[in-house]
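Trainee: Give me coordinates for this.
(one chain, ligands or ions: 3)
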Amino acid sequence: MPARLSEVFRAHPVHLHDTNIEFESVRELPDSHAWPLVIDYPSEDMYDIEAVPIIDLMDPNATNLVGNACERWGVFQVTNHGIPIGLLEDVESEGRRLFQLPAQQKLKAARPPNGISGYGRARINAFFPKLMWSEGFTIVGSPVEDARQLWPQEYNTFWKRIKERSLKNESEGASAALQLNSYPPCPEPKRAMGLAAHTDSTLLTVLYQNSTSGLQVLKDGVRWVSVPPRSGTLVVNVGDLLHILSNGRFLSVLHRAVVHRTRHRLSLAYLYGPPSNIQIAPLSKLIDQKHPPLYHPVTWSEYLGRKAKHFNKALSTVRLCGPQNVFIDMNDQNRMKVEW
Ligand SMILES: C=C1C[C@]23C[C@@]1(O)CC[C@H]2[C@@]12CCC[C@@](C)(C(=O)O1)[C@H]2[C@@H]3C(=O)O
Ligand SMILES: O=C(O)CCC(=O)C(=O)O
Ligand SMILES: [Fe+2]
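Mentor: Ligands and ions are numbered 1, 2, ... in the order given. As a prediction, the model looks like this:
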C-alpha cells in the first residue's frame, strides 16, 4: 500500500485529458457536456426553507453548534475564522491567472493519469458518461515544477504565494491537498454540471468560493440546498474520514457545484486529512454495547484508493455489519446512520 498521498493513484490511473475544450469560446453546449436537466437548479423565485448553519467561531457555544451542524447537515459555514481575506483573495487571483492561460499552456502542467497534482478535470469525471463544465488544478506538496511549466519566465510568483500562504505538508503532521476549481460561464447551465455529486474523502474540507454561487448540498437525501457565498465566510464540509472517526455520527455531506450562464465561478478547496499512513477508526469513546464500531480502520491512502475504484460507494466498502437500531441514511442509500 502506498504511504504518501502522491503515490496513491499509481495503481488507479485515469485518462481524462484527451478531449479538451476552450470553455470561453463555446456558444452551444456540446453533447459531450449535456447532462439530464439539473434538478433543484437554483432559481431567483425559489428560496431554501432551511439554510446551512453559519457559525461564529468566537461564539462561546461554537463547539456545540459545530457538533450539531455536523450531525444534522455535515456542512456549516464559519465566520471569525482568523484566516485573512487578503490571503484567500491572493490565492484566488493566482487561480484566475492560471485558468486564463491558453489550453495548450495549461496542459503542460496536466496531471498525469496516475498522478495526484496538476491541471485537469476532476478525477470523478471517470465515473460519469458526460463531462463536467469545470477545470481544476490540484496541489499536493510543492507546485513549483508545475508553475515552471505554466510560466517558464516567472513561475516564482505563483508557487511562492501558494506555498507560503496555503499549504501544510505531510511532515507537519497532516496531509492536505489544495484544489483550485474553475467553472466558466455556460451557455446552458441547467443542462450542465460543474462538479457532480460527491463526498470528499477527507476529515474536513474548507472551501472558499468567490462571489458567484454554485455550491449545493443534499439535505436529508431529498433536496439540494444552495450555499450562497458570503463575504469573509468559509464553508466546512465533513468528509468520509470524519464520518468514520465519528462512527457515523457526523455525516460526510454529498455536494455538487452547478454553473452559471454569465458568471465565472472560482472555488478553493483545502482538503484536510490525517498523515496519509495513519489508521482512522471509530473513536473508542464513542463505542459501547449500543454503539458497536461501524467501520474498519483505514488509512487516508487506502481510502483514496477505494474512492478511486468505488467512488461514492467507498464508504460502504469499509462498513462493518450494522447495529440493531438503524435507519437508512437518506444522504446515500449505500450507507446507514446510527440513532444516537
Ligand atoms: C487528496 C485528494 C482528495 C481528492 C482527490 C485528491 O487526491 C485531490 C483532489 C480531491 C478531489 C477534489 C474534487 C472532488 C474529489 C472527489 C476529486 O475527484 O478530487 C476530491 C478527492 C477526494 O476527496 O476524494
Ligand atoms: O466548487 C465548489 O463549490 C465545490 C468544490 C468541491 O466540492 C471540491 O473541490 O471537492
Ligand atoms: Fe468536494
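Trainee: what residues does the chain put near ligand 1?
Mentor: Contact residues, the chain versus ligand 1 (Cβ under 6 Å from any ligand atom): 5, 116, 122-124, 138, 177, 179, 198, 200-202, 271, 304, 307. For every residue, glycine as well, the C-beta is placed using N, CA and C.
Trainee: at 5 Å instead, please
Mentor: With Cβ under 5 Å from any ligand atom as the criterion, the chain meets ligand 1 at residues 116, 122, 123, 124, 138, 177, 179, 198, 200, 201, 271, 307.
Trainee: May I have the beta-bridge partners of the fifth one?
Mentor: For residue 138, the beta-bridge partners are residue 118, residue 179 (DSSP bridges).
Trainee: quick one on the thing from earlier: put together TSV for the residues of the chain next to ligand 1, with neighbour count and distance to residue 240 on each row.
Mentor: Below are the residues of the chain next to ligand 1 laid out as TSV (neighbours: other Cβ atoms under 10 Å; distance: Cβ to Cβ, whole Å):
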residue	neighbour count	distance to residue 240
116	20	17
122	22	16
123	21	15
124	18	14
138	22	18
177	22	14
179	20	16
198	19	10
200	24	7
201	22	5
271	23	11
307	24	8
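Trainee: which of the residues you listed come close to ligand 2?
Mentor: Subset of the residues of the chain next to ligand 1 in contact with ligand 2: residue 179, counting by Cβ under 5 Å from any ligand atom.
Trainee: For the closest residue to ligand 1 within the stretch 1-150 of the chain, which non-adjacent residue is spatially closest?
Mentor: Closest approach between the stretch 1-150 of the chain and ligand 1, counting by Cβ to the nearest ligand atom: residue 123, at 3.9 Å. Nearest non-adjacent residue to residue 123, counting by Cβ to Cβ, 6 or more residues apart in numbering: residue 14, 5.5 Å away.
Trainee: And residue 229, by the same measure?
Mentor: residue 209 (4.5 Å).
Trainee: before we move on, what about residue 204?
Mentor: Using Cβ to Cβ, 6+ apart, the nearest residue to residue 204 is residue 272, at 5.1 Å.
Trainee: ok, now which ones touch that neighbour?
Mentor: 174, 175, 176, 202, 203, 204, 205, 206 (Cβ atoms under 8 Å, 6 or more residues apart in numbering).
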